[in-house]
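# Okay, sequence plus prediction incoming.
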Amino acid sequence: MTKPELLAPAGDMEKLETALDYGADAVYVGGDQFGLRAMAGNFSVAELARAQERVRERDKKLYLTLNAYLRPAQMPELRRTLEELRPLDLDAYIISDPGVLAVVREVDSARELHLSTQANTTNAQAARFWQETGVERVNLARELTLEEIRHIRRETTVGLEVFVHGAMCVAYSGRCLLSTALTGRSANAGACAQPCRWNYALMEETRPGQYFPIEEDDRGSYVFNSRDLCLLEYLPDLVGAGVDSLKIEGRMKTLYYVAAVTRVYRAALDAYAADPAGYVMDPAWLEELDKVSHRPYDRGFLFGAEDALVHAADSRYQRTHDFVGIVRRVDDGGRLLVECRNRFFPGEELELIGPAMRQAQFVAGELTAEGGGALEVAQPNALVLLPGPAGTRQGDLLRRQKVAG
């Protein structure tokens with residue numbers, strides 16, 4: 001078997017480093033323009049240069065999203081941006097607009113091109129068409145079943161990529177008009193206001209002013225709201241289908257999400273590659289994914305008899321754990337210098353997680369300010385010293401079970 005690439009999101013430089021530390025083979029990022037996450041912590045040209053240096057040092061890859069659909073007035077700026085990007089020698093651009101592809105071919109003809117899921121590639125003929133235009137990898141439409149993915153693999157030689165984890169839009173391959181219609185913010189230009197997450201009610205024409213809730217139960221209305229994708233249990237099927245890259249959604253997600261999800265898929269992929277015949281999915285991996293904020297998990301359209309569940313009984317976010325800090329240093333005495341992200345107290349039970357599925361539970365001991373002096377509480381953004389478990393390393397994360405209320 002050929003082990004697929006594990007592709008993780010990075011909303012900023014710190015998340016990029018985290019994705020690499022926790023097992024990503026490649027990361028995808030957005031620039032200041034022309035991506036589909038305008039509100040993410042996108043990279044300037046100078047930051048992209050530093051990011052490319054970091055991934056090259058670690059023998060990993062960096063892909064830049066240029067997957068927005070552009071208007072005529074934006075094309076000259078695209079050309080200028082590509083001229084700036086060309087010397088960086090990024091590993092690939094992720095595109096969806098044929099016009100963007102054409103301009104890239106004119107300005108930066110040597111650059112590898114990957115096709116976004118936004119291009120809605122649902123058959124082998126389309127995949128071959130894109131390959132003939134110079135695309136080297138196609139991120140297949142999320143609507144495809146496993147058997148359809150297998151068919152496309154049999155009929156093509158282009159690289160194939162699929163999403164395996166993360167949020168799903170209530171839209172065709174993520175191409176949605178709802179945000180534009182209700183807010184003027186285009187999802188297809190990176191400015192989605194996520195109105196599919198809002199609550200809605202129905203009004204009948206002859207009863208103006210009378211609103212009837214659209215709901216599954218008495219906790220709210222989620223008729224537009226899809227579940228989150230989680231294909232961890234089906235990695236052997238996807239590898240067997242010939243998928244070349246497994247992609248995690250989430251450039252808007254937290255550093256903790258990037259670390260926790262990436263390390264689980266890394267562990268599963270490595271275990272399967274080491275012993276395909278004897279591979280058994282570890283239930284602890286699914287337990288780990290449950291400790292990340294998410295909507296109820298679903299397998300999307302992978303098995304065609306079941307559509308992705310949009311009318312879920314309850315598709316509110318579920319969060320069992322809070323991310324409380326990042327280990328910035330471990331001193332000779334085993335004390336941790338922690339950059340706090342959420343408040344915690346001495347005596348609270350914390351859990352440490354690190355790459356390669358390292359984790360340990362411990363009770364927070366005495367808290368000390370970096371400059372000296374005992375603390376009654378660790379506050380967000382503070383640097384705090386505390387005793388930690390043996391084997392802790394710089395870059396490990398601390399979390400605790402979510403406090404009720």
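On my side now, so go ahead.
# can you map out the helices along the protein?
Assigned by DSSP state H, the chain shows helices spanning 13-21, 45-57, 75-85, 98-107, 124-132, 146-155, 178-183, 235-240, 255-274, 283-290.
# Can you get me a residue count around the closest residue to residue 329 other than its chain neighbours?
Among residues not flanking residue 329 along the chain, residue 337 sits closest, at 4.1 Å (C-beta to C-beta, 6 or more residues apart in numbering). Where C-beta positions appear, they are placed from N, C-alpha and C, glycine not excepted. As a burial measure, residue 337 scores 19 neighbours (other C-beta atoms under 10 Å).
# top strand in this structure by residue count?
As assigned by DSSP state E, the longest strand anywhere in the chain is strand 321-330.
# and it with helix 255-274, angle?
Relative orientation of strand 321-330 versus helix 255-274 (axes from the mean of the first three to the mean of the last three C-alpha atoms, to 10 degrees): 80 degrees.
# and strand 321-330, which strands flank it?
strand 335-340 (antiparallel), strand 397-401 (antiparallel) (DSSP bridges).
# Please identify the buried residues of that strand?
By neighbour count on 16 or more other C-beta atoms under 10 Å, the buried set for strand 321-330 is 321-327, 330.
# what do you get for stretch 398-405?
398-400.
# Make JSON lines from those and add distance to residue 67 and pLDDT to it.
Converted to JSON lines, the buried residues of stretch 398-405 look like this (distance: C-beta to C-beta, whole Å; pLDDT from 0 to 100):
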{"residue": "398", "distance to residue 67": "35", "pLDDT": "98"}
{"residue": "399", "distance to residue 67": "32", "pLDDT": "97"}
{"residue": "400", "distance to residue 67": "37", "pLDDT": "96"}
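# any idea which of those is closest to residue 295?
Among these, residue 399 lies closest to residue 295 (C-beta to C-beta), at 19.4 Å.
# Relative to residue 71, how far out is the closest one?
Per C-beta to C-beta, to the nearest Å, residue 399 is found 43 Å from residue 71.
# Not counting its neighbours along the chain, what's nearest residue 2?
Per C-beta to C-beta, 6+ apart, closest to residue 2 is residue 244, 7.7 Å.
# wait, doesn't the one you found sit right on residue 159?
Yes. Counting by C-beta atoms under 8 Å, residue 244 does reach residue 159; the two are 4.5 Å apart.
# before we move on, back to that, what I need now is the buried residues of strand 321-330 written out in a markdown table, including distance to residue 248 and pLDDT for each item.
Output for the buried residues of strand 321-330, formatted as a markdown table (distance: C-beta to C-beta, whole Å; pLDDT from 0 to 100):
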| residue | distance to residue 248 | pLDDT |
| --- | --- | --- |
| 321 | 19 | 94 |
| 322 | 21 | 94 |
| 323 | 17 | 96 |
| 324 | 23 | 97 |
| 325 | 23 | 97 |
| 326 | 20 | 98 |
| 327 | 23 | 98 |
| 330 | 28 | 96 |
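# Closest one of the residues you listed to residue 130?
Closest to residue 130, out of all of those and judged by C-beta to C-beta, is residue 323, at 38.7 Å.
# mind checking how far the residue nearest to that closest one when sequence neighbours are not counted is from residue 294?
Nearest non-adjacent residue to residue 323, counting by C-beta to C-beta, 6+ apart: residue 256, 3.7 Å away. Distance of residue 256 to residue 294, computed by C-beta to C-beta: 12 Å.
# One more: residue 74?
Counting by C-beta to C-beta, the gap from residue 74 to residue 294 is 34 Å.
# what's the answer for residue 88, then?
Counting by C-beta to C-beta, the gap from residue 88 to residue 294 is 34 Å.
# Pick out whichever of these two has more residues nearby.
Taking other C-beta under 10 Å, residue 88 and residue 294 do not tie; residue 294 has more neighbours (22 against 19).
# all strands of the stretch 151-300 of the chain, in order?
With DSSP state E, counting those that start in this stretch, the ranges of strands along the stretch 151-300 of the chain come out as 159-166, 201-203, 211-213, 228-230, 245-248, 297-298.
# out of the ones you listed, nearest to residue 111?
strand 159-166 (14.9 Å).
# what pairs with the closest one, and is each one parallel or antiparallel?
Strand pairing for strand 159-166, using DSSP bridges, gives strand 135-139 (parallel), strand 228-230 (antiparallel), strand 245-248 (parallel).
# what stretches of the stretch 1-150 of the chain score poorly on pLDDT?
Under the criterion pLDDT under 70, the flagged ranges of the stretch 1-150 of the chain are 36-41.
# repeat that with 80
1, 35-41 (pLDDT under 80).
# Just send the strands of the stretch 151-300 of the chain back as a markdown table, with mean neighbour count too.
Converted to a markdown table, the strands of the stretch 151-300 of the chain look like this (neighbours: other C-beta atoms under 10 Å):
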| stretch | mean neighbour count |
| --- | --- |
| strand 159-166 | 23 |
| strand 201-203 | 11 |
| strand 211-213 | 11 |
| strand 228-230 | 22 |
| strand 245-248 | 23 |
| strand 297-298 | 20 |
